[in-house]
Structure formats: C-alpha cells, structure tokens
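[1] Generate coordinates for the sequence data below:
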Amino acid sequence: MALLGLDIGTTGTKATIFDEDGSILSYAYGEYDIKSNRDGHYEIEPLVVWNTAKSIISKANEKAGNVNIKALSTSSFGEAFVMLDKAGKELANSPIYMDKRGESECADLVRTLGAEEIMGITGHPPHPMYSICKLMWQHENNPQLYKKTNKILFYGDYILHKLGGQYVSDYSLAARTMCFDIKNKQWSKKIMEHAGLDIDIFPETKVTGSMVGEITPAVADELGVNKGIKLVLGGHDQLMVAVGAGVTNEGQAVNGIGTVDCITPVFKGTRINSNMMNSSYASVPYLFEDIYVTYAFNMTGGSLLKWFRDTFAKKDKEIAEKSNLQIYNILDKEIPKKPTDIFVLPHFTGSPTPKTDIHAKGAIVNLTLGTERGEIYKACMEGEAFEMKYNIQTLEDNNILIDELRTVGGGSRSPGWLQIR
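    So this is what the prediction gives:
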C-alpha cells in the first residue's frame, strides 16, 4: 500500500509516493511558466498545470514500480482560482498573488465595508492579492466570462476535481479568498453582497483530511495507476508544510524556505485586532478546533538566490549541470566566513509582512570595486534572514511566541544559510 502527495506550486508541481512507514518510494517534478506582461498581469494556465500533474503522477508511479496507491492528497499555493463552466471546462487563465489586478476593487470593498469589518469576518487584513479582489475585477471587466462561471476552485481542489473529486475546498484555501468567515467556517454573505458576487459559484468547504471522492476509472487508465484511489482534501501549501513538519502545538512554528520564505506559527484562538491587521498577519483555521496559524513571509525567499544564480552565475550553472553538480554547492564555497558589509533589501517582488507594499522594490547597498561575487551571494542570504527576524519580532509584539522553529524546504539543505539564521 502506498500514498501519493501532490504539491502544486506557482512554477511547478511535485509528486511523491510514500510507503506505509513514510519512506519515499519515488519522486517526480514538472515545471511550467508564469505568463506576464507590462501591465502587471501574472497568470498561470489551468490546463497546463493539470497536464503537468498528470504527467508527474504517471512518472512517479512508474518509478515506484506501479505500486498500489491507496490515497492521494494535495497541497497548493493559495489565492489563485480556476473559473469553470457548467460542463467543468476551464474558462480563463488564473491571476496569481503578484498580479496587480484587483487593487481598485480591494479599495472599493474597504470603503464600503471597512478594513476592520473585513478583518473581523475573514481574519485577513484587506489586500488585493486575495481571490475576491481578482474575481471582482473579472466581474467588472469580463462580465460575459463571469456569467459563464458555474464554480470556482482553488488549485489543490481543482486537481482533485479533475481526478474525480467533488467541488470542495478546505478551510485554509477558502480563507485565502478574503471572503470566508473563519469562525463560522462558511462563506460570508455580507462580503459577497458588497462585492456584488454570487455565493453559489463558491465550492462547499470541509476540514483538511476529508475524503472528496475517488479517482475515475478513465483517469486511472490514462495515468496508468490503479483504480480506487481515494482523493483526500489537502490545504494551503504553507499550512501543509506545518502538518508535514509535525508542528501542531502552540509555540511551535515551521520555516518553509522555498520560492517563498514563510514562517508559520501555531496558536490558540483567532488573533483579530488592529496590530495584526497593521502587520498584515492573517488567522487561518488549522486542523483542530480553535487552533489557527498565520503566515509571516517574504515573496523572494529561494527565488532571490535563484535570481542571483541566473544573473551572476549563469555560465557556472550550465557547467555544473553538464558535470551533474549542484550550482548552489559551488557558490557556497565562495561564501566569506565573516558577515558582509553589504545590505540586501529583499523586496524584489514587493514588500512582504509585516509592512506589505506591492510596489516596493529591492536594493543592494554598500557595493565597492572590491566587492566579490561570494559576498553578494551571502548578503542575499543575510538580507533574507534579517527580513524573517523582523517578522519573528513583530509576531512576538502580537503575542504569538515561538519556542521551537523547524526548518524545511530547499533552503533547509543549505548549511551556510541555516548558520546565518
């Protein structure tokens, strides 16, 4: 018996098959592109994500020796949604969190309802990255497209639905819409009415871990997997990182260092107040009754080092790949022992929590003609570490205390970066 986990990200999807003891049997990964333009639009294509998911499920299963998979669950990035018509057909590409559309719609919602009211219902400080703002934009600018929409699903739910699951979302992905009542665990009619949206297009919601269906025989045949695989509701990727790291008790937190650098602490009861709102911290329902998490994050985590690699070490990367070496291991050898005199402000895709500003820009300060590449590389790590330390201090100001921090993700494999932290 085996279990399959599917992690749907903004630039790629991973499939991992485990045995009953949790040992990894196989792994597969597939990438896709973000579509962008000069107007600040950033989108992904639902069918490309679906086709990638199918491909890597098949590859992982083949690598594992065509094992008997009992159940499949997902984790996925939040905010982005797929618009589906009555036949279940995808109607449009999905704007992602960094897409600039929805700014004026978010401002309109705040004017009519008030930021405190929105925060009080949803546990989320108003921000244009959330789903409702993008959907309001579609309603206003693409009314015919909106009229065709029968349901919207978030990416983990969308993939489960394509495999054979129902129209269901978990509480954590629903919360990232900014129109979900986190205390009563239901869509907010009040917010929907002020947004001018139809509540019926939103999916049913259930707790993470709920079974939502079974893989259809046709899809099982297409993917080359066994029939009867149970489809289990996952959740928002950062919340699922906490689950995977065994972070379940108040005072514990996980630091997932992937494309996004995120600290996810666990606490009891919602934290809905002006300090949390001013710090851009949300309250997200966790696995247990009256237990919540929040996300303290920077958008440019591992992606900052990827930017450095592709900008300052492009040729080295090509040479490393030909020699079957890891470019980051090579760059790590250039890291100076002492702290650098360079300051990197890691706001390359806007400013994160606790001072959110989507228009903020990054900076590299204190360069000289004597500055070497390894110093800039280390300074990127240092700047990101300072950013997360600032978040920890701000969480403490909000009475969210961290006694134990577990680190996972690609960045956790860098001894140099962990030592800096």
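[2] So for stretch 262-276, what gets flagged as buried?
    For stretch 262-276, a neighbour-count test (16 or more other CB atoms under 10 Å) marks 262, 263, 264, 265, 266, 267, 270, 271, 272, 276 as buried. Where C-beta positions appear, they are placed from N, C-alpha and C, glycine not excepted.
[3] and the third one, which of the three is it?
    The three-state label for residue 264, taken from DSSP: H, G, I helix; E, B strand; the rest coil, comes out as strand.
[4] who does it bridge with?
    Taking DSSP bridges as the rule, residue 264 bridges to residue 254.
[5] So it is in contact with residue 282, correct?
    No: shown here, residue 264 and residue 282 do not form a contact pair, counting by CB atoms under 8 Å, at 10.9 Å.
[6] Find residues that contact each of the two.
    Both residue 264 and residue 282 are in contact with 294, 295, where contact means CB atoms under 8 Å, 6 or more residues apart in numbering.
[7] I'd like to know how far residue 58 sits from residue 277.
    45 Å (CB to CB, to the nearest Å).
[8] can you pull out the strands in the stretch 251-400 of the chain?
    252-257, 261-268, 284-285, 291-293, 296-298, 343-345, 363-365 (DSSP state E, counting those that start in this stretch).
[9] what is the rounded mean pLDDT of the fifth one?
    Within the predicted structure, the mean pLDDT of strand 296-298 is 93.
[10] State the distance from residue 201 to residue 84.
    9 Å.
[11] which residues touch residue 219?
    162, 163, 164 are the contacts of residue 219 under CB under 8 Å, 6+ apart.
[12] give the contact list for the second one.
    For residue 163, the contact set (CB under 8 Å, 6+ apart) comprises 72, 213, 215, 216, 219, 229, 231.
[13] same question, the last one
    With contacts defined as CB under 8 Å, 6+ apart, residue 164 is in contact with 213, 214, 215, 216, 219, 231.
[14] Could you count how many residues lie near residue 402?
    17 (other CB atoms under 10 Å).
[15] Just the pLDDT at it, thanks.
    96.
[16] Over to the one 3 residues further on?
    With respect to pLDDT, residue 405 scores 96.
[17] Quick one: residues contacting it.
    Neighbours of residue 405 in contact, by CB under 8 Å, 6+ apart: 253, 254, 255, 263.
[18] In three-state terms, how would it be classified?
    Note that with three-state DSSP, the state of residue 405 is strand.
[19] likewise residue 128?
    coil.
[20] List the contacts of it.
    100, 101, 102, 103, 105, 106, 134, 358.
[21] now do residue 350
    98, 299, 356, 357, 358, 359, 360.
[22] Excluding chain neighbours, what is closest to the fifth one?
    Here the nearest residue to residue 358 in space, its sequence neighbours aside, is residue 350; by CB to CB, 6 or more residues apart in numbering that works out to 4.3 Å.
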